[in-house]
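Novice: Based on what follows, work out the 3D shape:
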Amino acid sequence: MADESCIYAKLTPSNVAAKLAFSAVADSLLTAQQPLYHRSFMDISSTKQSDAEVAAFLSRNQDASLSDTPTEPDTETEREWEKDARLSIWTGSYIIDLRSEHVNSSASWTAGRGRTGAVQDVQFLLCPRKQKAQVRGIHAHFTVHPDTGFIRVQQRQINASTCVNGEETERAIHINGATARIAIGDLMYNFAYAG
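Specialist: Numbering: from 1, shown residues only. A predicted model of the protein is given here:
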């Protein structure tokens, strides 16, 4: 978990697609042999959590990759445990930390699925590169306005659908309220300033 005193704002997955994408990214980062760049921009739960919305979705949409096991469980307890484990996800948020060693001089963060071969092209790795979720490699840009301190959000590419509270972000939109709903492609997030 991140040091809460250093967090300026959080971007928390709010729909099933965003929650599953966050969990997939977290899983890949947590199983990596060395610390990865993207991990410093995420606040990941210490254990996988149950999420009713995700569990309902996965129960309705069981696919072979979720249900295949090399051997059948021996007892009813083992079957229940395996089912619960499949329905649990990593939870957490993407974090904007102004004190981070990775913050560039313009205090900006880029969100997307990243581009092949580029490790540090995005700070908020929203989904695995193979999972598009209508998210481009470099999709949205978050910056701190130098005068007001509010976060500005803007899409980075033409046709990179990004909305703040339902409004398309062709030009930068300032988040001047305490919270906002942000859509990046098919992924939905709750934005909140810390405090």
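
Novice: Can you give me the distance of Thr179 to Tyr193?
Specialist: Thr179 sits 8 Å away from Tyr193, going by CB to CB, to the nearest Å. The way it works is simple: take the backbone N, C-alpha and C, and place the C-beta from them, glycine included.

Novice: out of these two, which sits in the more crowded spot?
Specialist: Higher neighbour count among Thr179 and Tyr193: Tyr193, with 18 against 12, using other CB atoms under 10 Å.

Novice: OK, contacts around the residue nearest to the more buried one when sequence neighbours are not counted?
Specialist: Closest residue to Tyr193 apart from its sequence neighbours, by CB to CB, 6 or more residues apart in numbering: Ala9 at 4.9 Å. Ala9 sits next to Ile95, Ile96, Ile151, Phe191, Ala192, Tyr193, Ala194 when contact means CB atoms under 8 Å, 6 or more residues apart in numbering.

Novice: Buried ones among these?
Specialist: Burial by neighbour count, 16 or more other CB atoms under 10 Å: within the contacts of Ala9 this picks out Ile95, Ile96, Ile151, Phe191, Ala192, Tyr193.

Novice: In terms of pLDDT, where does the nearest residue to the second one once chain neighbours are set aside sit?
Specialist: Looking back up the chat, that one is Ile96. Nearest residue to Ile96 in three dimensions, chain neighbours excluded: Ala9, at 4.3 Å (CB to CB, 6+ apart). Looking at Ala9, its pLDDT is 95.

Novice: Please renumber the chain so that the first residue is 112 from this point on.
Specialist: Let's use 112 as the start, then, which means that last one is Ala120.

Novice: measure Ala120 to Gln160 for me?
Specialist: For Ala120, the distance to Gln160 - CB to CB - is 22 Å.

Novice: The nearest residue to Thr280 once chain neighbours are set aside and Pro239, how far apart?
Specialist: Spatial nearest neighbour of Thr280, chain neighbours left out: Thr273 (4.5 Å); criterion: CB to CB, 6+ apart. Applying CB to CB, the value for Thr273 to Pro239 is 20 Å.
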